[in-house]
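# Only the shape, not the letters, is given here:
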């Protein structure tokens, strides 16, 4: 796995933290942590998007965040378990994994995705 995909995965995991933080933060320190997680998450996604297809990066990022947030809410915060939610998250994760598998890595050295266009 390339460093750029690692950024996407870590950014998606951090997204779970900040989305849950938006719902559950009550103190100034918790809100600072939530805002810090938002900044870190988006920084990683921006960095990955510079070298990978932005549509795929965004789909994987939001898929990880969505699936993880639903799971975290059920496991950590007492959200009622729902078989239909779990099955639909499985479908979502299948799509995210599929997108990752069919997306080609950029060729050449990193940062070479910007090309000069002459008219």
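Done, it's in. Everything numeric here is computed off the predicted structure, so don't read it as measured data. Residues are numbered from 1 along each chain as shown.

# so where do the helices sit in this protein?
Listed in chain order, the helices of the chain (DSSP state H) span 3-24, 28-49, 54-76, 83-102.

# mean pLDDT for those: which is lowest?
Among those, helix 83-102 carries the lowest mean pLDDT, at a mean of 87.

# re the thing from before, can you add mean neighbour count and give the helices of the chain back as CSV?
To be clear about C-beta, it is placed using only N, CA and C from the backbone, and glycine gets the same treatment. Rendered in CSV, the data for the helices of the chain read as follows (neighbours: other Cβ atoms under 10 Å):
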stretch, mean neighbour count
helix 3-24, 18
helix 28-49, 16
helix 54-76, 18
helix 83-102, 13
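
# what about stretch 59-74, distance to the chain center?
Chain-centre distance of stretch 59-74: 8 Å, with Cα atoms, centre = their mean, to the nearest Å.

# i'd like the first residue to be 18 from this point on
From this message on, residue numbering opens at 18, which makes the last subject stretch 76-91.

# what about residue 99, distance to residue 78?
Noted for residue 99: a distance of 24 Å to residue 78, by Cβ to Cβ, to the nearest Å.
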